[in-house]
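*Asks:* Sharing a sequence plus its predicted fold:
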Amino acid sequence: MKPADVLSPRNKVGAVLEVVHDPGPRRMAVARILWEGQEKVAVRWNGDDAHPLGHPVVRRQPTWVVLDEYVARAVEERARECEAASPTSIASGYRAMALDEEREREAAEWSEAAFREFV
């Protein structure tokens, strides 16, 4: 189950506001969630094919562990660093595209053509 889809316990979790870092199966995901009406940093272990719900699970529902404030900031900061360095992050994708000169040239040509259509 994807971290963005974990909304349990329903009486506590109002929404997953942002998945800060999702490194994939059997790894720890970090998110900012709405917990009892307040933004909190929470973690959970992603599942895999054998255990799709991940951990923790309460009453057969995947749930979050809300972190105390004294560790929340450090965990969130490190998760953001890991996400930025991840080969699957959006930032990494943009870096790869920027280094691809052929793709950059094609994108520039497309953008210029699209702009001319609207002018």
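*Replies:* The structure has been received and is ready for your questions.
*Asks:* show me where this structure has helices.
*Replies:* With DSSP state H applied, the chain shows helices at 69-85, 90-99, 101-118, listed in chain order.
*Asks:* Of those helices, flag the one that's most buried.
*Replies:* Burial among the helices of the chain, expressed as mean neighbours by mean count of other CB atoms under 10 Å, is greatest for helix 69-85, which shows a mean of 14. (Each C-beta comes from the backbone N, C-alpha and C, glycine too.)
*Asks:* Export that helix to PDB, keeping only CA atoms.
*Replies:* What follows is the C-alpha trace of helix 69-85 in PDB, where atoms were taken according to Å, rounded to 0.1, in the frame of the first residue of the first chain:
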ATOM      1  CA  GLU A  69       8.300  16.900  18.300                       C
ATOM      2  CA  TYR A  70      11.800  16.400  19.700                       C
ATOM      3  CA  VAL A  71      12.700  14.000  16.900                       C
ATOM      4  CA  ALA A  72      10.200  15.000  14.200                       C
ATOM      5  CA  ARG A  73      12.300  17.900  12.700                       C
ATOM      6  CA  ALA A  74      15.500  15.800  12.400                       C
ATOM      7  CA  VAL A  75      13.600  12.900  10.800                       C
ATOM      8  CA  GLU A  76      11.900  15.100   8.300                       C
ATOM      9  CA  GLU A  77      15.100  17.000   7.400                       C
ATOM     10  CA  ARG A  78      17.000  13.700   6.900                       C
ATOM     11  CA  ALA A  79      14.100  12.300   4.900                       C
ATOM     12  CA  ARG A  80      14.100  15.300   2.600                       C
ATOM     13  CA  GLU A  81      17.900  15.000   2.100                       C
ATOM     14  CA  CYS A  82      17.400  11.300   1.200                       C
ATOM     15  CA  GLU A  83      14.500  12.100  -1.200                       C
ATOM     16  CA  ALA A  84      16.600  14.800  -3.000                       C
ATOM     17  CA  ALA A  85      19.500  12.300  -3.500                       C
END
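*Asks:* Just give me how far that helix sits from the chain centre.
*Replies:* Distance of helix 69-85 from the chain centroid (CA atoms, centre = their mean, to the nearest Å) equals 12 Å.
*Asks:* ditto for stretch 17-31
*Replies:* Between the mean C-alpha location of stretch 17-31 and the chain-wide mean there is a distance of 5 Å, by CA atoms, centre = their mean.
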